[in-house]
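In: Provided below are the primary sequence and the corresponding predicted coordinates.
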Amino acid sequence: MNEENLLWETVETEHLVRDEWIDFRRVSYRLPDGKVWEPYYNYSRRSYVVIVASDEEGRFLCVRQFRHGIGQITNEFPAGGIEINGKDGYISAEDQQVVAENAADAAKRELREETGYESDSWTHLMTIPSNATIADNYAYIYRAENCRKVSGQSLDEMEFLNVQLRKAEEIDRLIAEGEFQQAVHVLAWKLAREL
């Protein structure tokens, strides 16, 4: 089958949940062989940033927080949703260009809010679909170096997290032991180590 015959055509879309956080849909598709297949579920939610940040002593800024998806407290990097035009919540695929333009600002904001640190040395490492199988949002991965403490945390009302400074070997060990549970954050670490 040649590549042009791989696209699925949307036949019908039903929005099951559509609020400020998510657009969860049941979709019918016409497959490349002409058959209609349903239901298929997908969703839109906010694209986000992940920041691999290190301080002036080379220690990495990590956060620990509860993640309701797996029901556990996780080790991860600072991260957060990208807002556009003051809009907080899911952003449609049509808005993705505007999201890309605001990603760097979101990374700086999230680092400062979650950790109280700032950096003048930023590198964009990668933009990648968060979960291409079922979602249309993207993760924008950044590296921030020589971060310095400028304030305390400024967390949202639903954020409860602790900041930890970790050596590279500690993060490697946490990943190897399955204790650094966010897949995109592990990817971010691997990309940052390649620099």
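Out: All right, it came through fine.

In: Now do the buried residues in stretch 176-195.
Out: For stretch 176-195, burial by neighbour count (16 or more other C-beta atoms under 10 Å) applies to 180-182, 184-189, 191-192. The way it works is simple: take the backbone N, C-alpha and C, and place the C-beta from them, glycine included.

In: helices or strands up against the longest strand anywhere in the chain?
Out: Taking DSSP state E as the criterion, the chain has its longest strand at strand 138-149. Helices and strands touching strand 138-149, by 3 or more C-beta pairs under 8 Å, 6 or more residues apart in numbering; DSSP states H and E, are strand 48-55, helix 96-115, strand 117-118, strand 121-129, helix 183-194.

In: So what angle separates the directions of the last one and strand 138-149?
Out: Using axes from the mean of the first three to the mean of the last three C-alpha atoms, to 10 degrees, the interaxial angle of helix 183-194 with respect to strand 138-149 works out to 60 degrees.

In: again, but for the first one
Out: Comparing the axes of strand 48-55 and strand 138-149 via the same axes, to 10 degrees yields an angle of 30 degrees.

In: how distant is strand 48-55 from the center of its chain?
Out: 11 Å (C-alpha atoms, centre = their mean, to the nearest Å).
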